[in-house]
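# Sequence isn't available, so here's the structure alone:
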């Protein structure tokens, strides 16, 4: 007994330490992609006092309300990370790695129950823990939702296997399901796993576990009532592709995912993958026949080998939420987090079967297992390094998927951010050539052209973008900027107006539209939009200056005075606001106030010295 306990402690330490060790070189990898809006720019995670709000308001998920999602437990973990390390990434990665280690232990516990073999279960758990397919789930911080959901799915299933006939087991399973739903909706696969277990191994359990299934159904109904409007938008509103395209594309994806697990070469943050729309597509047809054959073989051998059938159901049930609901991204690696646990258990099952053959088979399986684990460790360590910055991540994706638009968009944006305009322009032009229907590329390319003085080119490409997508606010905003540069103010008003209609919560757009209205002499409309901008962002000094200007247009001197004073209060180093305040004081005959404001402007920005000296001479003459 003591020896068994000692062995289990050795396994426990190995299963915790090895997955942690393989991800140590990821601790300083930066935030990427969705991390920016959900973590870096998200003000809601910066106060622990906001945590109760996460459970009531899905819009707190992101800095952008249109990206609302109900994942309060995930947000809570981000808030705790921020409290620990601010925006230093190490604590975010550490939490993800520790969660992953917890999942590895749960896979081991499940494997021990299913196989009755500690060594085989440990091998399967380590395949899951070290497999490079999971490097995206660990390196990409926003994919913590996948790891959290996976943890609760595995915890619930482990609790079902161990304690389903006991009260504490029911509490554990329902608790895990509830917590999982607060992390990511993909946890809905947990009841499917339990049902599959009963159908394959223990049919009488369907009746015996009726209370458990009733409780899980009640929890899910409550959850569905809370998030229905968000699910409805994704599934019934305006799906990004037809359901025939979704289903046949995901049939192909199922085979592709199996290939990545078997031979994980060509890993990418953005795989090049084409849409299929029917069984007449030869690739979709071949994939369909392969999957049907796999299912038939598993069913045919179910009496002697029921576990492969169950693990096949596990694999595809875990993929089902992302396969049935049309999402923007056709395939990605983090969707394989929970399915890869089933893959690890498949290999563990094969490992256990070889034990019965004896002799060279036993030695061979151990050598083979060691080779697999070493290869996985090396591949994961190498893959972590691809996530070290935006250039390596998206450069890798661009090299592996030359027909894909998104890698070049992200590369271009990073080139532009770092002042590498020529490389940014080349990247955006490649996107427009490869995918003429991808409207964000036109907005980015137009911005680069404009910033480099190629105004005519900017207008042309932005106009073409609008023809592609009338509902992209970035295109209309870009056109507004172009028309502002060209002083074509009526067209500027029209363009900014379209942008505001599409993105009404953007204070900057309201401010720009207000300025354009001022240029066409429509002061009341200008005032209205500046006020709206301040409702959205009450701490912007430049908007207070513009509010003052609009008030002055309408002859409201007190309103203008209040706007200018508020501008310099919000930003005492705002020379332009001090200058406008001085001008207004001068107009009102308030010599002392004018001199004070002018001198403040001069002290901040010496370029105003000649102007201020002239005003000082005139004002002193008036005073005499």
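Received, thanks. Small disclaimer: the values here were computed from a predicted structure and weren't measured. Residues are numbered from 1 along each chain as shown.
# and the spatially closest residue to residue 574 that is not a sequence neighbour, what does it touch?
Once flanking residues are discounted, residue 574 sits nearest to residue 541: 5.1 Å by CB to CB, 6 or more residues apart in numbering. The C-beta positions use only the backbone N, C-alpha and C, and glycine is treated the same way. Taking CB atoms under 8 Å, 6 or more residues apart in numbering as the criterion, residue 541 is in contact with 566-568, 570-571, 574, 577.
# cool, and residue 96?
137-138, 141, 143-144, 147.
# 6 Å instead, please
Residue 96 sits next to 138, 144, 147 when contact means CB atoms under 6 Å, 6 or more residues apart in numbering.
# Give me the subset of the contacts of residue 541 that lies in helices.
For the contacts of residue 541, the ones inside helices are 566-568, 570, 577, with DSSP state H as the criterion.
# Export those residues to a markdown table and append columns for neighbour count, pLDDT and distance to residue 126.
Shown next, in a markdown table, are the ones in helices among the contacts of residue 541 (neighbours: other CB atoms under 10 Å; pLDDT from 0 to 100; distance: CB to CB, whole Å):
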| residue | neighbour count | pLDDT | distance to residue 126 |
| --- | --- | --- | --- |
| 566 | 19 | 96 | 62 |
| 567 | 25 | 95 | 62 |
| 568 | 22 | 94 | 63 |
| 570 | 17 | 94 | 57 |
| 577 | 28 | 94 | 63 |
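# Let me see the mean pLDDT of stretch 50-58.
Per-residue pLDDT values across stretch 50-58 average out to 95.
# that older thread, phi and psi next, for the residue nearest to residue 574.
Recorded main-chain torsions at residue 541 are phi -60, psi -40, according to degrees, to the nearest 10.
# For the chain, give me the ranges with low pLDDT.
Within the chain, the stretches with pLDDT under 70 are 1-6, 230-238, 358-359, 622-624.
# And what about residue 126, helix, strand or coil?
Residue 126 falls in the helix class when you classify it by DSSP: H, G, I helix; E, B strand; the rest coil.
# just the helices in the stretch 151-300 of the chain please.
Secondary structure of the stretch 151-300 of the chain by DSSP state H, counting those that start in this stretch: the helices cover 167-181, 189-201, 205-208, 210-232, 243-262, 282-300.
# quick one, which of those is nearest to residue 340?
helix 243-262 (6.2 Å; CB to CB).
# I'd say residue 107 and residue 126 touch.
No - look at residue 107 against residue 126 with CB atoms under 6 Å: they stay out of range, at 9.1 Å.
# what's near enough to touch residue 252?
Residue 252 neighbours (CB under 6 Å, 6+ apart): 276, 283-284, 287.
# Identify the residue spatially nearest to residue 319, adjacent ones excluded.
Counting by CB to CB, 6+ apart, the residue nearest residue 319 is residue 339, at 5.7 Å.
# wait, I meant residue 311
residue 342 (4.6 Å).
# That neighbour and residue 261, how far apart?
9 Å (CB to CB, to the nearest Å).
# ok, now residue 461?
Counting by CB to CB, the gap from residue 461 to residue 261 is 42 Å.
# higher neighbour count, the two?
residue 461 (26 against 19; other CB atoms under 10 Å).
# Just the element for that one, please.
For residue 461, the host element (DSSP states H and E) is helix 455-468.
# What residues of that helix count as buried?
455, 457-459, 461-462, 464-466 (16 or more other CB atoms under 10 Å).
# will you turn the contacts of residue 252 into CSV that also has distance to residue 495 and neighbour count?
Shown next, in CSV, are these (distance: CB to CB, whole Å; neighbours: other CB atoms under 10 Å):
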residue, distance to residue 495, neighbour count
276, 39, 24
283, 43, 15
284, 42, 21
287, 46, 22
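# Let me know how buried the residue nearest to residue 319 is, in neighbour terms.
23.
# How about residue 29?
24.
# what's the answer for residue 89, then?
19.
# hang on, the earlier thing: and which of the contacts of residue 541 is nearest residue 206?
residue 570 (65.4 Å).
# Going C-terminal from the host helix or strand of residue 315, what's the next secondary structure element?
Per DSSP H and E, residue 315 falls inside helix 306-324. Tracing the chain C-terminally past helix 306-324 and defining elements by DSSP H and E, one meets helix 337-355 next.
# what packs against that next one?
Helix 337-355 sits against helix 90-115, helix 118-130, helix 144-163, helix 306-324, helix 360-386, with contacts defined as 3 or more CB pairs under 6 Å, 6 or more residues apart in numbering; DSSP states H and E.
# Distance to residue 170 added to those, as TSV?
Formatted as TSV, the helices and strands packed on helix 337-355 follow (distance: least, CB to CB, whole Å):
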stretch	distance to residue 170
helix 90-115	18
helix 118-130	25
helix 144-163	8
helix 306-324	21
helix 360-386	36
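# which of those helices sits most buried?
helix 118-130 (a mean of 26; mean count of other CB atoms under 10 Å).
# Report the angle between that helix and helix 243-262.
If you take axes from the mean of the first three to the mean of the last three CA atoms, to 10 degrees, helix 118-130 sits at 120 degrees to helix 243-262.
# Which elements pack onto helix 118-130?
helix 2-22, helix 90-115, helix 337-355, helix 360-386.
# Can you tell me which of those helices is nearest to residue 39?
Among the helices and strands packed on helix 118-130, helix 90-115 sits nearest to residue 39 (CB to CB), with 7.6 Å.
# what inclination does that closest one have with respect to helix 189-201?
Here helix 90-115 runs at an angle of 20 degrees relative to helix 189-201 (the same axes, to 10 degrees).
# Please state the offset of helix 90-115 from the chain centre?
22 Å (CA atoms, centre = their mean, to the nearest Å).
# Need the three-state assignment for residue 410.
helix.
# shouldn't it be in contact with residue 394?
Yes - contact status for residue 410 versus residue 394: in contact at 4.2 Å, counting by CB under 6 Å.
# Mind checking which of these two has more residues around it?
The neighbour count for residue 410 versus residue 394, taken as other CB under 10 Å, is higher for residue 394 (26 against 22).
# List the buried residues for whatever helix or strand residue 592 lives in?
Assigned by DSSP H and E, residue 592 belongs to helix 591-604. For helix 591-604, burial by neighbour count (16+ other CB under 10 Å) applies to 593-595, 597-602, 604.
# Touching, residue 113 and residue 163? I think so.
No - in this structure, residue 113 is not within contact of residue 163 by CB under 6 Å, at 11.1 Å.
# quick one: residue 350 from residue 171, how far?
When distance is defined by CB to CB, residue 350 is 35 Å away from residue 171.
# okay, those two: which has more neighbours?
residue 350 (16 against 13).
# returning to that earlier point: out of the helices and strands packed on helix 337-355, flag the one nearest residue 482.
helix 360-386 (37.1 Å).
# quick check: angle from the helix or strand just after that closest one to helix 360-386?
Following helix 360-386 in sequence order, the next helix or strand is helix 390-400 (DSSP H and E). Put simply, helix 390-400 runs at 120 degrees to helix 360-386, going by the same axes, to 10 degrees.
# Buried ones in helix 390-400, by neighbour count?
Residues of helix 390-400 classed as buried: 390, 393-398, 400 (neighbour count, 16+ other CB under 10 Å).
# My guess is residue 287 contacts residue 256. True?
No - look at residue 287 against residue 256 with CB under 6 Å: they stay out of range, at 8.1 Å.
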